[in-house]
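1. Sequence plus predicted model, see below.
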Amino acid sequence: MKILKKVFFSIIILLIFSNNSWAKSASEFISTLTNEASIILSSKLSDDEKIIRLKEIGEKSVDIVGVGFYTLGKHRKNLTDSQKEQYKELFRNYFLKSFSGRLVGYTDAKITVLSEEIKNEKYTIVYSKLIGTSDRPEVKIDWRVYTKDPENPLIRDLVIEGLSLARTQKEEFNSIIVNNDNDIEALFQNLNKFLDN
Amino acid sequence: MKRIIATLLAMFLIQLIVVNKTYSNEDKVKDCFEKLNRATFALNMGLDKVIFKPISKGYRKLPSPIRNGTSNALSNLSNLITIPNNILQGDFGSAANNSARLIINTTIGIAGIFDPANSFGFEKREKEDFGQSLGVMGVGEGCYLVLPVLGPSTVRDTLGSLVAMNGGDVWHNITVRDDEEYVKEFKESDYWVSRVTSGVDFRAKNLEAFDAMEKNSVDLYATVRSLYLQDRERKIKNSRNKTEAMDDGDWDTLENQ
């Protein structure tokens, strides 16, 4: 009976520690990432150089393929294998351009990680805030971190003041596809146009 | 005559909500007038470029204490709509908190320019309006609308605005409707100045965010629609706990494919 108790408590302790290590890594992951981005944004680098550095951050920290297929929503099951490959490449380039383009204007971005919540073994939500300035109010930013591989956490969504960027992107893409008779090629054309600008 | 038009418009909007609810099994808000909405959106974007954005940029150049004071005063004024809606939604705690804020900030805070109520423990809470109250009562959004100058809305939110403009908003009553029983000092222009300033204040706080959104969207209209509808959904649910708004459902479908 005592052995059973010991085994039981060992398992509990193991679970607590393993959960903490995941939670810590998600928080630390976001904290490290935002510090890195903040240093780049406040540096004296040119905008073009900043964009290159921000793209590197985006590439290593965001699950671009996962986000890409999520944003296709119900349309992803209609894609042929070659369209999937084409979309992956297009979305990757679109995402990195859009991601770096959105951030490069913020030269004084300082983000503080507040807390985190482990939703399940796949997702941890990290809560943070963008510190307000005299020109801009404080902004709450929640990060959906994909922790299926705890050694390599990846961002899947940013929820800014309750507004999900992934969901917004999904609805934007859906609008383009639906308004073009459910033709996925219309989305590809729009993405190419965006990349050419 | 104005009341008859407002009543007829309200009835039309209610019908639109009912029709939308009856014929739609989807939770998603329908964009029934998308072509018209897109045209109105283009008009609004033009107005923003020529009028609101330059004014907001100028406003941003004002010293920060002036902007903060203006923002505080406008926020204080919005309590006049928030408090009755707190009550309509059964949130009596927030109604009491916001009433205390309104009294303290209007008096000690000099017409709401300063926010001493916060120091007394009455923290700022989310704004509420009649559209949100209708949502809490279970009224569906109806179709998505883009109103000239005013921007994104839904049939339900437009109905909420009509309620506000027909007796529901004390500030509107004492300025535009000349309800002089208690207060005589205000003119109609005060109401419109406060509305325009409120818009400029909001726009000025979001200059960079709007620019980034405009530059990086492949369909800006759809982006704004999505953001507006998400924001309203969150406000109606009063989901302060963000995980409520971060349902795993859609992501799980991705996992399973």
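-> Looks like it came in fine. None of the values given here were measured: they were computed from a predicted structure.

2. pLDDT weak spots in chain A?
-> A:1-24 (pLDDT under 70).

3. Break down it into its strands, ranges please.
-> A:111-118, A:123-130, A:139-146, A:154-160, A:163-164 (DSSP state E).

4. Now do the residue lying closest to residue A:53 once chain neighbours are set aside against residue B:209, distance only.
-> For residue A:53, ignoring the flanking residues on the chain, the nearest one in space by C-beta to C-beta, 6 or more residues apart in numbering or on different chains is residue A:40 at 4.7 Å. C-betas here are computed from N, CA, C, even on glycine. The gap separating residue A:40 from residue B:209 is 19 Å, by C-beta to C-beta, to the nearest Å.

5. May I see the strands of chain A organised as a markdown table, with mean neighbour count added?
-> Formatted as a markdown table, those follow (neighbours: other C-beta atoms under 10 Å in any protein chain shown):
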| stretch | mean neighbour count |
| --- | --- |
| strand A:111-118 | 16 |
| strand A:123-130 | 21 |
| strand A:139-146 | 22 |
| strand A:154-160 | 20 |
| strand A:163-164 | 21 |
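
6. picking that back up, for the residue nearest to residue A:53, give me its contacts.
-> Neighbouring residues of residue A:40 by C-beta atoms under 8 Å, 6 or more residues apart in numbering or on different chains: A:50, A:53-54, A:57.

7. What about those residues, which are in helices?
-> When those are checked against helices (DSSP state H), the matches are A:50, A:53-54, A:57.

8. pLDDT averaged over whatever helix or strand residue B:161 lives in - what is it?
-> Element membership of residue B:161, judged by DSSP states H and E, is helix B:155-163. The pLDDT scores in helix B:155-163 average 96.

9. same question, stretch B:105-120
-> The average pLDDT for stretch B:105-120 rounds to 96.

10. now do the same end-to-end measure for that stretch.
-> Start and end residues of stretch B:105-120 are separated by 11 Å (C-alpha to C-alpha, to the nearest Å).

11. how far out from the middle of the chain is that stretch?
-> Computed by C-alpha atoms, centre = their mean, to the nearest Å, the chain-centroid distance of stretch B:105-120 equals 23 Å.

12. how about that stretch, does it reach chain A?
-> No - using C-beta under 8 Å from any C-beta of the partner chain, we find that stretch B:105-120 stays clear of chain A, coming within 13.8 Å at best.

13. Would you mark the buried spots in that stretch?
-> Of the residues in stretch B:105-120, B:105-106, B:109, B:112-115, B:117 count as buried by neighbour count, 16 or more other C-beta atoms under 10 Å in any protein chain shown.

14. a markdown table please, covering those residues and showing secondary structure and distance to residue B:201.
-> As requested, the buried residues of stretch B:105-120 are exported to a markdown table (DSSP: H, G, I helix; E, B strand; the rest coil; distance: C-beta to C-beta, whole Å):
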| residue | secondary structure | distance to residue B:201 |
| --- | --- | --- |
| B:105 | helix | 16 |
| B:106 | helix | 19 |
| B:109 | coil | 17 |
| B:112 | coil | 13 |
| B:113 | coil | 13 |
| B:114 | coil | 16 |
| B:115 | coil | 15 |
| B:117 | helix | 19 |
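
15. between these, which is closest to chain A?
-> Taking C-beta to the nearest C-beta as the measure, chain A lies nearest residue B:115 of the buried residues of stretch B:105-120, at 13.8 Å.

16. Residue B:221 is in contact with residue B:40, isn't it?
-> No - proximity of residue B:221 to residue B:40 does not meet the contact threshold set by C-beta atoms under 8 Å, at 10.0 Å.

17. Cheers, nothing more for now.
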